[in-house]
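Peer 1: Please find the sequence and the predicted model below.
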Amino acid sequence: MALGLVACPGAQVKDDQDAGSDASASLDIVRQACLDEAQENAVAACRRVLRMRPKDMVVEHRLGWLLVEEGKLPEGTAHLRKCLKTQGADPELHFHLAVAMSKRGDRDGAVRFYSKVIELQPERIEAYVEKALLLRRLKRRDEAEVVLRAAVAKDPKSAVAWAQLSLTLSQLGKADESIKAGYKAVELKPDDANVRSNLGLFLTNQKKMKEGLAQLEEAVRIDATNATAWYNLGLTHTRGDALEKAARAFLQALVIREEFPQAHHNLAVVLMGMGLCQMSKIHFDRSHELGVRSAQIVIDQYEKMCIPKPEEGSEESPDASGSSEETSKSAGT
């Protein structure tokens, strides 16, 4: 008896070309997931693509940057470096490598990559600013000034470049130029509390107290949560001998940022000047715990104002802040 072959309805076998097309289309979908900024599993998608297409340098670049953002710096940097041969003229690749070098602590390497970004994309002010920040940290402030002057020449409306130039000039002791640059930054970005805070401090340093206070008071009005602005306001009030106002400003800075060692120390000095020795000692101790070392003149002043001398022939008696010996050691830590 002959047996007939019955085909199963709906079952189809695609030829190799069709199967390859489907695989390629599927991989393209995975690749898009790799490149999608909003994709949570982008790293896994990029890795999958590179297993199938190891020469896809766009994906290589993307994976490297994702890993750098995740803090996986050696691996991320390795992927980025692989792209240099084929993407050496891409300023974004050099920018990402600069960021990676900076995060790894290689400031010189980061400076070189930012320099390449500027060479390839001269209008990218962000690269000038980041390069200047690194140069300042490397104590190469003269070079930082040159970079920032080039930035403001390239884009005179860049408030951040003017603000960083102001800070750099202040560190170089060029006070008048620093203040001019600071005013330019405020003009361009009047609602930036940090810009006003820095300018206020620079003005105060030049004994332009009224102008400095005006900038600092506006800074804390713009952003009442800016601890540094409150701290700078406290310094300015201290220099103006307005101790109660200074104390309130330092306290506000500490409300915002409790572990602010300089604010603790300067508040302690102000409280000492107001005769509040017990409170002063609390903040001196806290500042020392956070790494501040009191200058000898401050220690001497504390001992003079807050540690009573024993009467002749009598035992040494502690004041409200503790024994004189313990207090002296605390202030001089």
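Peer 2: Now that the structure is in, tell me what you want to look at. Nothing here was measured: the structure is a model prediction, and the numbers come from that model. Numbering: from 1, shown residues only.
Peer 1: mind showing which ranges of this structure have poor pLDDT?
Peer 2: Counting by pLDDT under 70, the chain contains low-confidence residues at 1-23, 310-333.
Peer 1: can you pull the buried residues of the helix or strand residue 160 falls within?
Peer 2: Under the criterion of DSSP states H and E, residue 160 resides in helix 159-171. Residues 159, 160, 161, 162, 163, 164, 165, 166, 167, 168, 169, 170 are the ones in helix 159-171 that count as buried (16 or more other CB atoms under 10 Å). C-beta here means a position set from N, CA and C on the backbone, and glycine is covered the same way.
Peer 1: what's near enough to touch the closest residue in space to the fifth one that isn't next to it in sequence?
Peer 2: Spelled out, that is residue 163. With CB to CB, 6 or more residues apart in numbering as the criterion, residue 163 has its nearest non-adjacent residue at 4.0 Å, and that residue is residue 185. When the contact criterion is CB atoms under 8 Å, 6 or more residues apart in numbering, the partners of residue 185 are 159, 160, 162, 163, 166, 192, 195, 199.
Peer 1: Just give the nearest non-adjacent residue to the residue nearest the centre of the chain, would you?
Peer 2: Ranked by distance to the mean C-alpha position of the chain (CA atoms, centre = their mean), the top residue is residue 133 at 9.9 Å. In space, and not counting its chain neighbours, residue 133 is closest to residue 164: 7.1 Å by CB to CB, 6+ apart.
Peer 1: Ok, residue 238 next?
Peer 2: For residue 238, ignoring the flanking residues on the chain, the nearest one in space by CB to CB, 6+ apart is residue 246 at 4.3 Å.
Peer 1: ditto for residue 193
Peer 2: In space, not counting the residues next to it along the chain, residue 193 is nearest to residue 223; the distance is 3.7 Å by CB to CB, 6+ apart.
Peer 1: Now the one you found. Its backbone dihedrals?
Peer 2: Phi and psi for residue 223, reported as degrees, to the nearest 10, are phi -140, psi 90.
Peer 1: Let the chain start at 31 from now.
Peer 2: Okay, residue one is now 31; in that scheme the one you just asked about reads as residue 253.
Peer 1: That one: how many residues sit nearby?
Peer 2: 17 (other CB atoms under 10 Å).
Peer 1: Pull up the gap between residue 307 and residue 150, please.
Peer 2: Computed as CB to CB, to the nearest Å, the residue 307 to residue 150 distance reads 61 Å.
Peer 1: next one: residue 61
Peer 2: If you measure residue 61 against residue 150 using CB to CB, the figure is 26 Å.
Peer 1: Neighbour count: these two, which is higher?
Peer 2: Applying other CB under 10 Å to residue 61 and residue 150 shows that residue 61 carries more neighbours, namely 21 against 17.
Peer 1: coming back round to it: in which helix or strand would I find the residue nearest to the centre of the chain?
Peer 2: With secondary structure defined by DSSP H and E, residue 163 is part of helix 155-167.
Peer 1: buried set for that helix?
Peer 2: Residues of helix 155-167 classed as buried: 155, 157, 158, 159, 160, 161, 162, 163, 164, 165, 166 (neighbour count, 16+ other CB under 10 Å).
Peer 1: from memory the first one sits against residue 183, does it?
Peer 2: If I follow you right, that is residue 155. No: the pair formed by residue 155 and residue 183 falls short of the contact definition of CB atoms under 8 Å, at 10.7 Å.
Peer 1: In contact with the nearest residue to residue 77 once chain neighbours are set aside: list those residues for me.
Peer 2: Leaving out its chain neighbours, the residue that sits closest to residue 77 by CB to CB, 6+ apart is residue 93, at 6.7 Å. If a contact means CB under 8 Å, 6+ apart, then residue 93 has 64, 73, 76, 77, 80, 106, 109 as its contacts.
Peer 1: Would you double-check that the first one falls in a strand?
Peer 2: Looking back up the chat, that one is residue 64. No: looking at residue 64 with DSSP: H, G, I helix; E, B strand; the rest coil, it is helix, so not inside a strand.
Peer 1: Surely it and residue 89 touch.
Peer 2: Yes: applying CB under 8 Å, one finds residue 64 in contact with residue 89, separated by 5.6 Å.
Peer 1: Quick one: neighbours of residue 106, just the number.
Peer 2: Residue crowding around residue 106 was assessed by other CB under 10 Å; the count is 24.
Peer 1: so what are the domain limits for this structure?
Peer 2: What automatic domain parsing lists as the domains of the chain is 70-151, 289-338+349-363.
Peer 1: In TSV, list those along with distance to residue 270.
Peer 2: Supplementary listing: the domains of the chain in TSV, determined by distance: least, CB to CB, whole Å:
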stretch	distance to residue 270
domain 70-151	38
domain 289-338+349-363	12
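Peer 1: Which one, of the ones you listed, ends up nearest to residue 263?
Peer 2: Comparing those against residue 263 with CB to CB, the closest turns out to be domain 289-338+349-363 (11.0 Å).
Peer 1: I'd like the distance from that closest one to the chain centre, please.
Peer 2: Mean C-alpha position of domain 289-338+349-363 versus that of the full chain (CA atoms, centre = their mean, to the nearest Å) differs by 30 Å.
Peer 1: next structured bit after the host helix or strand of residue 258?
Peer 2: According to DSSP H and E, residue 258 maps onto helix 257-269. Per DSSP H and E, the first helix or strand lying C-terminal to helix 257-269 is helix 273-286.
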